[in-house]
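**Q** Would you be able to build a 3D model of this:
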Amino acid sequence: MKNNRKNFVEILLVEDNKHDAELTMLALEENKLANHVTWLRDGSEALDFLMGKGEHSDQDTPQNPKVILLDLKMPKIDGLEVLRRIRAEESTRHIPVVVLTSSREEKDLIQSYKLGVNSYIVKPVEFDKFMACIKEIGMYWAVINLTP
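**A** Model prediction:
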């Protein structure tokens, strides 16, 4: 029997750095925003998850999270390519994507917006600022913002 989890995932975290992912999950949990978060470790896994392919091919329908938190520098398929493919597909182009990265490179910022990112945020280095940043992102994109 296929598993239909449509609308089950509210936040899709695509992050290869275990420490950053754990901090993000902790911040979401502390602010009661982590009920339906899925953490994926690379761009290839994220695309399979969103498109219902690979090990996620047993889904009746592709996943439609309320927001995707996307790192840029990842193995296999980088965040910019993930963003490009998300925006190219009719079924995923409406999903809000927030780039959450350590990259301050202007070319990454410009390319992200050219590809249709909804927000580009550089991860704060300080623990308290990082936690506050994730809280704000989670509150806005998963609770306040309305998506189709």
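**Q** Low-confidence ranges, the protein, go.
**A** Within the chain, the ranges that satisfy pLDDT under 70 run 1-9, 54, 56-57, 59-63.
**Q** just the strands in it please.
**A** Listed in chain order, the strands of the chain (DSSP state E) span residues 11-14, 37-40, 67-70, 97-101, 119-122.
**Q** Now do the first one: everything it contacts.
**A** When you say that, I think you mean strand 11-14. The contact list for strand 11-14, computed with Cβ atoms under 8 Å, 6 or more residues apart in numbering, reads 21, 24-25, 28, 33-34, 36-43, 45-46, 49-50, 63, 65-71, 74, 79, 82, 138, 141-142. In short, each C-beta sits where N, CA and C put it, glycine included.
**Q** What strands line up against it, and which way round?
**A** If you go by DSSP bridges, strand 11-14 pairs up with strand 37-40 (parallel), strand 67-70 (parallel).
**Q** Can you say which of those strands is packed in most?
**A** The highest average neighbour count among these, using mean count of other Cβ atoms under 10 Å, belongs to strand 67-70 at a mean of 27.
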